[in-house]
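In: Please find the sequence and the predicted model below.
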Amino acid sequence: MRGWASLHEMRGNILIVENAESGAQEAAERFACAAVKAVARHGRFAVAVPGGSSPKGMFELLASRSFDGLIPWSATHIFFTDERIVPPDHEDSNYKLANDLLFSRVPIPEVNIHRFRTELSPDDAAADYERTLHEGLGDDMSLDLVILGMGADAHTASLFPGSQALNEQTKAAAANYVKKLDTYRLTLTIPILNSAGEIIILIFGADKAEALLVALKDESDINQHPVQAIHTTHGRLLWLVDKEAASRLCNS
């Protein structure tokens, strides 16, 4: 069962689906649609994908037979919203997750997959990715589609509560020190995320219900609830949420 609700003064629209499996199907279909439209419009599709559990089902569906021939992989360029400081073959790597579930199973050219070079120092890796974005997207660095997740603490990408990268306005990619994890994360910054033609935030599971309620209904406090910083400057924003994650919205 699917339902729409307007967020009024909030950011974008929310689509509530039955469960995470339904959400993955919806996300995969929207990915495919965005790809076809972007290639028809300007000859290439540039998308940034997240790590974590949220995109797993979408990746698997995009690599399945039901999507064979639907996506112009040769004209698709994959970027990452964020990355952990681990080798690309490490189990915690966002790149490895996407490669195992998607890239290795579809005919996307290797040169079209743009990973963070985590073998560099965090600052150098962020600067290198900034150059990669410039080379791949041009001066405006506008992505056709950004797919994000949200943590139970309302972080998105690797923009965590209280972290310095939340204030970054000039760089497209940053090395962000996350105090509670005592480590750096590599992340795209708010300006490039918000400049995308389309943004989809995937939020599945009961453990996200409180954070989603706060993000959508409380006054904006980006430092405490980073996902509240996500809005579109010239595109469309969709919160794709399952019933468990939306449970507090319906009861408030």
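Out: Nice, I can see it. Bear in mind the structure is a predicted one, so any value in this text is a computation, not a measurement.

In: which other helices and strands contact the strand or helix carrying Ala34?
Out: In the assignment (DSSP states H and E), Ala34 maps to helix 20-42. If contacts are counted by 3 or more C-beta pairs under 8 Å, 6 or more residues apart in numbering; DSSP states H and E, helix 20-42 sits against strand 13-17, strand 45-49, helix 56-62, strand 145-149, strand 198-203, strand 236-242. Yep, even glycine has a C-beta here, placed from its N, CA and C like the rest.

In: Save those as CSV, and put in mean neighbour count, distance to Arg248 and mean pLDDT too.
Out: Shown next, in CSV, are these (neighbours: other C-beta atoms under 10 Å; distance: least, C-beta to C-beta, whole Å; pLDDT from 0 to 100):
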stretch, mean neighbour count, distance to Arg248, mean pLDDT
strand 13-17, 20, 12, 95
strand 45-49, 24, 27, 98
helix 56-62, 21, 23, 98
strand 145-149, 25, 18, 98
strand 198-203, 24, 12, 98
strand 236-242, 22, 11, 96
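
In: Nearest to Ala28, out of those?
Out: Of all the helices and strands packed on helix 20-42, helix 56-62 sits nearest to Ala28, with 4.0 Å by C-beta to C-beta.

In: now whatever helix or strand comes next after the closest one and helix 20-42, what's the angle there?
Out: Following helix 56-62 in sequence order, the next helix or strand is strand 76-80 (DSSP H and E). Strand 76-80 runs at 130 degrees relative to helix 20-42, counting by axes from the mean of the first three to the mean of the last three C-alpha atoms, to 10 degrees.

In: packing partners for strand 76-80?
Out: strand 45-49, helix 94-101, helix 122-137.

In: The same query, at a cut-off of 6 Å, please.
Out: strand 45-49 (3 or more C-beta pairs under 6 Å, 6 or more residues apart in numbering; DSSP states H and E).

In: Okay, now the sheet partners of the strand it packs on, with direction.
Out: With DSSP bridges as the test, strand 45-49 is paired with strand 76-80 (parallel), strand 145-149 (parallel).

In: got CSV for the ones you listed, with distance to Glu130 too?
Out: Supplementary listing: the strands paired with strand 45-49 in CSV, determined by distance: least, C-beta to C-beta, whole Å:
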stretch, distance to Glu130
strand 76-80, 12
strand 145-149, 16
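
In: if we compare those, which one ends up closest to Leu70?
Out: With C-beta to C-beta, the closest approach to Leu70 among the strands paired with strand 45-49 belongs to strand 76-80: 11.4 Å.

In: Any stretches of the stretch 151-252 of the chain with poor pLDDT?
Out: Within the stretch 151-252 of the chain, the ranges that satisfy pLDDT under 70 run 251-252.

In: before we move on, back to that, give me the contacts around the helix holding Ala34.
Out: Contacts to helix 20-42, defined as C-beta atoms under 6 Å, 6 or more residues apart in numbering, come from residues 17, 45, 57-58, 61-62, 70-72, 75-76, 144-145, 198, 204, 240, 242.
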